[in-house]
Structures are given as structure tokens and as C-alpha cells.
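> Quick one, fold the following:
(one chain, ligands or ions: 1)
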Amino acid sequence: MSFQPLHFYQTGTFTIGNRLLGEEDRTVQSDIRRTNSLNSGHRACQGCGEALGARFAIDAAMNAARGRLIAANATGCLEVFSTPYPETSWQIPWIHSLFGNTAAVATGIAAAIKVKRTKRRDG
Ligand code: SF4
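Numbering: from 1, shown residues only. Presented below is the predicted three-dimensional model:
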């Protein structure tokens, strides 16, 4: 009877977040503090780079915003595959905008939050 060596493909690579490595060597995918803001179950094509890129961008934004993030998402694949009505893959507040006005929508959100904070502070 012949034996083959056992390989753990999750170690030594960046796939599946290196869950079998020591905590200090793991990538962000297996970080227990990861918010998983764009959840699994969306309808992107298998291997979609946009879904992967969005997850990394959202991770970075969540870190920068200390977990207080509102996503403004222009029309496109990310919007289509993550929000097929009545479902959503987003685990954070999310708003859909048209192609070219996402920055304006995000600026409006920021302005509204600023006003709300001012009103709360002033009573
Ligand atoms: S960007 Fe859109 S079309 Fe391209 S792989 Fe992702 S879901 Fe599919």
C-alpha cells in the first residue's frame, strides 16, 4: 500500500486567510475582528475580482472609520450582484446611487451626519 504525503494547501498561501497559521501570520480574511461587511451569498460570477476588491476596500474603510461606515455604491456589477431585491449581501448601511454621482451622494451623507451631530449636541 502506498502513501501520499498530506498537504495543507491553506498554509503558506494567501488562500482562505491562512487559518491554519499562527495568528501573527494570518491575512485579513481570517482576522476575527473582520467585519465581513459584504457577506457571502451574493450573486457575483465565480472568481469575480470586483467582489474580492470590494471586500478588501471595505475592510480598509471599516478600519479607517472604526467600524462606522456607510457605503455609497454606484450602479454597476457590485450593486447588481450584492442587492437583488429583496435581498442584500451588505451588513453595513448602504445606498445605491447613479453612475456619476456617488461622490455627491457620499458628501450629502456626510453633511447629514454632521447636521445630526450638531443638533444632538445643541439639544
Ligand atoms: S465584475 Fe460583474 S461580470 Fe465581472 S466577474 Fe464580477 S460579477 Fe461577473
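> ok, and for stretch 90-107, which residues are buried?
For stretch 90-107, a neighbour-count test (16 or more other CB atoms under 10 Å) marks Trp90, Ile92, Trp94, Ser97, Thr102, Val105, Ala106 as buried. All C-beta atoms are positioned from the backbone trio N, CA, C, and that covers glycine.
> quick one: contacts for the nearest residue to the fourth one once chain neighbours are set aside?
Okay, so that is Ser97. By the measure of CB to CB, 6 or more residues apart in numbering, the closest residue to Ser97 outside its immediate chain neighbours is Val105, 4.1 Å from it. Residues in contact with Val105, defined by CB atoms under 8 Å, 6 or more residues apart in numbering, are Ala72, Ile95, Ser97.
> would the first one count as being in a strand?
Yes - remark: Ala72 belongs to a strand, assigned using DSSP: H, G, I helix; E, B strand; the rest coil.
> what's across from it in the sheet?
Ile95 (DSSP bridges).
> Wasn't the residue nearest to Ser97 part of a helix?
Yes - under three-state DSSP, Val105 sits within a helix.
> what's the pLDDT at it?
pLDDT for Val105: 97.
> Quick check: it vs His96, distance?
Distance of Val105 to His96, computed by CB to CB, to the nearest Å: 9 Å.
> for Ala61, same thing?
17 Å.
> got the domain boundaries for this protein?
Residue ranges of the domains in the chain are recorded as 1-32, 36-122, according to automatic domain parsing.
> Having no further points to raise, I will conclude here.
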